[in-house]
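Asks: A structural model of the following input is requested.
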Amino acid sequence: MSNLSDQTHGSQRLETSQPDEFITIIAPTLAEVMESFRTQGLAEKHYTIVHRAGRHSFTVAGNNSEAEALFNGTPMVAATFARRLQA
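Replies: The predicted model follows:
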């Protein structure tokens, strides 16, 4: 049986499956993201890309209603990689 935990946010249902492990790399360019992937040896550690990489704006949710922009609001390229951990 799968160890599955569900979270609900508004009308959207998010499913998070353990024991997956995720790493998101953020950099100004895709070339820098992929260089970091190689430098960290993530392929050898069995990480694969989860979805296509793309340019994002990042904010951090705080205790108040104001979100804090990261990287001075400058869009950055982000790619998320995952691997299945042995249960």
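Asks: Quickly note the distance from residue 36 to residue 19.
Replies: 24 Å (Cβ to Cβ, to the nearest Å). Heads up, the C-betas are built off the backbone N, CA and C, glycines and all.
Asks: who has more neighbours, those two?
Replies: Neighbours around residue 36 and residue 19, counted as other Cβ atoms under 10 Å, are more numerous at residue 36. The numbers are 15 against 10.
Asks: So the more buried one, which state does it fall into?
Replies: For residue 36, the secondary structure call by DSSP: H, G, I helix; E, B strand; the rest coil comes out as helix.
Asks: That one: what's it in contact with?
Replies: For residue 36, the contact set (Cβ atoms under 8 Å, 6 or more residues apart in numbering) comprises 25, 27.
Asks: How about residue 53?
Replies: So residue 53 contacts 30, 33, 77-79 (Cβ under 8 Å, 6+ apart).
Asks: what's the closest of those residues to residue 58?
Replies: Checking the contacts of residue 53 against residue 58 by Cβ to Cβ gives residue 78 as the nearest, at 7.8 Å.
Asks: Tell me how many other residues crowd the closest one.
Replies: For residue 78, the neighbour count with other Cβ under 10 Å is 17.
Asks: What of residue 70?
Replies: 14.
Asks: same deal with residue 60?
Replies: When neighbours are counted by other Cβ under 10 Å, residue 60 registers 8.
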